[in-house]
Structures are given as C-alpha cells and as structure tokens.
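**Q** predicted structure and sequence below. I'll ask about it afterward.
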Amino acid sequence: MAKHDKLPVALIQEHAIIDQGFGNAEANLAVIETRVAEAAASGAKLVLLQELHNGAYFCQHESVDEFDLAETIPGPSTVRVGKLAKQHGVVLVSSLFEKRAVGLYHNTAVVFDADGSMAGKYRKMHIPDDPGFYEKFYFTPGDLGFNPIDTSVGRLGVLVCWDQWYPEAARLMALAGAELLLYPTAIGWDPSDDQAEKNRQRDAWILSHRGHAVANGLPVLSCNRVGHEASPLASEKAVGASGIDFWGNSHVLGPQGEFIAEAGSEPTILMAEVDMQRSEHVRRIWPFLRDRRIDAYQDLLKRYRD
C-alpha cells in the first residue's frame, strides 16, 4: 500500500547527449544525476526517467554494433542509478538496454527503492517494428508478465512506450493491484510529416494514456524524451530516414484522465503531486472493475475473430 496520501513525483524529460552518432552513457547519466538531485530537493519521492535514457534512440536503424550498448542487470548503470536513489531517498524508475545473455536482449525498466535496492524490473512486452522504430531487431519480447512492483511509495505498474497503445497491458496491471501506471517513453514524429499529421499522432498518444487512466481509475505518469535525433540512414531516401523529432509532452494524469501536470517540448523536470487516495473515490462512483463481464471475454485471447 502507498505510504504517502499525497505523493510528490518528478518526470525527467531530457534530450539525449550523442557523440558521433552514439549515445554517451556517461554524459547522460551525469545529467540524470543532476536532475534527480534537483527533483529530490524540490520534494519528489518518486522519479520517472524516459525510455533508454543512457543515450540516443538507436533503433532508427538495424546495426549489430548497437548491441555493444547493452549491459547486464545488475551492471554498471544499475549500480550507479541504485546509489542515486539511495543518496536522495527517492524511488527511481529507469529504462535500460538489457543484455540477458549472448544474443538475448530486452528493453527493460528497472525500479529502485528509496534505500537503493532493486525493487524489481519489467521487460517490455510489445515490440514495434516500423520505419524509424526497428525494435524487433534488438529486443526480445518480455517474459516477466504484467506484474506491478512493490515500493515504499506504492505498487507501481511499470510499462514501456509501445505498451502504451494496449489497453490489455494497463488493465492487467490494474487487476494485479497497481496503484500507479508509469510509462518510460521515446516517441516522436517524422519531421517530413505535415503539421496536421503530427498533431494527430501526439493527440492520439495523450488520449491513449487518458483512456488508461479512466478505464482503470488510476493515475498515469508518462515521461518522454525531447529533441531531434538524426537517423543513421539519413543518406538514404527510405521512409523514416529523416530522423525523429521527439515531442516531449510528458504528463501526469489523475484517475479520471484529468491533467495534473504537463510538459512542453523542452527539457524539464515536471513536478506534480498525486493524490494516492483519489482512485478509491473514483472507483466507488465508476466501478468498472465490478461490472466487467469476465464470463464473456474469452475471444480476447484470439488474434482476430474470423
């Protein structure tokens, strides 16, 4: 159960520091250390980082060299981030490129409790494969299921980016007792798209999160990166070779989908206070879990109803 009726949270929305096309883990972690210290000084007890925060979003192309960026869990980054959580007494949600074994890699969120211990991890379950987002080349789908992670500030339903489009994932976390839904994210638009298409994509992303909040009566925290990241395929004429403009717009939502806080498109520490008791009130007036027809949902286990 949550230890705070009013939980101060912080989302660290940043651009990636990139050297010669590769992410600079040392430089990015140094920025994270500074931002977490600032968030903790402002009272944050829960800090959410963006997806794959150690460097560039490398999935814009398929290259075996990028696997060199992966590391084991535990490993150098988890040791460093765990110490950071302990130093500032915050629960810290990180996102790493995990090397599980030779030839076996995951996109993994790792949660550290306020004492620096590893509270748990979640391996991204839904893996995209689209122009500019070639994640299936790098990541094996997760095998840890949709299980919340217990921490000193509450039970966290941690999901990762592409998972955000799947109501099943949010629902299963809610059914397992999650008190918050958290999404480390790396999402943006193709600079060559017109503004109307860009707006539709960003609005759909936000609406998806608001839907998860409403349908499950839970607060939702989504932390995205910002800034343009050039594609390694820039010299080609292929779709997606113009890079990605990560749009930011990190946000904190209440259990009726209401905005508690929202960022723009610049690096920022988004601070907010989440009422951990509000879900109880909302679920009493909107008892969606009570009224679910679990006797009639068998076909959800089918790929498609032919």
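**A** Yes, it's here.

**Q** quick one: the strands in the stretch 51-200 of the chain, in order.
**A** Per DSSP state E, counting those that start in this stretch, the stretch 51-200 of the chain carries strands over the ranges 91-101, 104-112, 118-123, 129-130, 133-134, 149-151, 154-158, 180-184, 188-189.

**Q** need these in JSON lines with distance to Ser231 and mean neighbour count, can you?
**A** Glycine gets a C-beta too; all of them are placed from N, C-alpha and C. Below are these laid out as JSON lines (distance: least, CB to CB, whole Å; neighbours: other CB atoms under 10 Å):
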{"stretch": "strand 91-101", "distance to Ser231": "18", "mean neighbour count": "23"}
{"stretch": "strand 104-112", "distance to Ser231": "19", "mean neighbour count": "23"}
{"stretch": "strand 118-123", "distance to Ser231": "26", "mean neighbour count": "20"}
{"stretch": "strand 129-130", "distance to Ser231": "13", "mean neighbour count": "12"}
{"stretch": "strand 133-134", "distance to Ser231": "11", "mean neighbour count": "20"}
{"stretch": "strand 149-151", "distance to Ser231": "34", "mean neighbour count": "21"}
{"stretch": "strand 154-158", "distance to Ser231": "29", "mean neighbour count": "25"}
{"stretch": "strand 180-184", "distance to Ser231": "22", "mean neighbour count": "29"}
{"stretch": "strand 188-189", "distance to Ser231": "12", "mean neighbour count": "22"}
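
**Q** by mean pLDDT, flag the weakest helix or strand of this protein.
**A** When each helix and strand of the chain is scored by mean pLDDT, DSSP states H and E, strand 22-23 comes last, with a mean of 64.

**Q** which element follows it toward the C-terminus?
**A** For strand 22-23, the following helix or strand on the C-terminal side (DSSP states H and E) is helix 25-41.

**Q** buried sites along that following helix?
**A** Of the residues in helix 25-41, 25, 28-29, 31-33, 35-36, 39-40 count as buried by neighbour count, 16 or more other CB atoms under 10 Å.

**Q** for Phe97, state which of those is nearest.
**A** Nearest to Phe97 among the buried residues of helix 25-41, counting by CB to CB, is Ala25 at 9.8 Å.

**Q** verify the stated contact: that closest one with Ser77.
**A** Yes: contact criterion CB atoms under 8 Å: Ala25 and Ser77 qualify, at 6.9 Å.

**Q** packing partners for the helix or strand where Glu273 lies?
**A** Here Glu273 is covered by strand 268-275, with elements defined by DSSP H and E. Counting contacts by 3 or more CB pairs under 8 Å, 6 or more residues apart in numbering; DSSP states H and E, strand 268-275 is packed against strand 6-13, helix 25-41, strand 251-253, strand 259-262.

**Q** paired strands for the third one, with orientation please.
**A** Counting by DSSP bridges, the strands paired with strand 251-253 are strand 220-223 (antiparallel), strand 259-262 (antiparallel).

**Q** possible to save those strands as CSV with distance to Asn199, mean neighbour count and mean pLDDT?
**A** Converted to CSV, the strands paired with strand 251-253 look like this (distance: least, CB to CB, whole Å; neighbours: other CB atoms under 10 Å; pLDDT from 0 to 100):
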stretch, distance to Asn199, mean neighbour count, mean pLDDT
strand 220-223, 18, 28, 98
strand 259-262, 15, 16, 98
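
**Q** mind putting these into TSV with distance to Val214?
**A** Formatted as TSV, the strands paired with strand 251-253 follow (distance: least, CB to CB, whole Å):
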stretch	distance to Val214
strand 220-223	10
strand 259-262	13
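
**Q** closest one to Leu181 among those?
**A** When the strands paired with strand 251-253 are compared by CB to CB, strand 220-223 sits nearest Leu181, at 4.7 Å.

**Q** for the protein, which spans come out with low pLDDT?
**A** 1-3, 20-23 (pLDDT under 70).

**Q** most centrally placed residue in it?
**A** The residue lying closest to the centre of the chain (CA atoms, centre = their mean) is Pro184, at 1.3 Å.

**Q** what residues are up against it?
**A** Contact analysis of Pro184 by CB atoms under 8 Å, 6 or more residues apart in numbering lists 48-51, 53, 93-95, 109, 158, 160-161, 223.

**Q** cool, Ala109 as well?
**A** By CB under 8 Å, 6+ apart, the contact list for Ala109 reads 93-96, 121-124, 158-160, 184.

**Q** closest one to His212 out of these, please.
**A** Nearest to His212 out of these is Leu159 (CB to CB; 9.0 Å).

**Q** and the closest one, how far is that from Trp286?
**A** According to CB to CB, to the nearest Å, Leu159 and Trp286 sit 22 Å apart.
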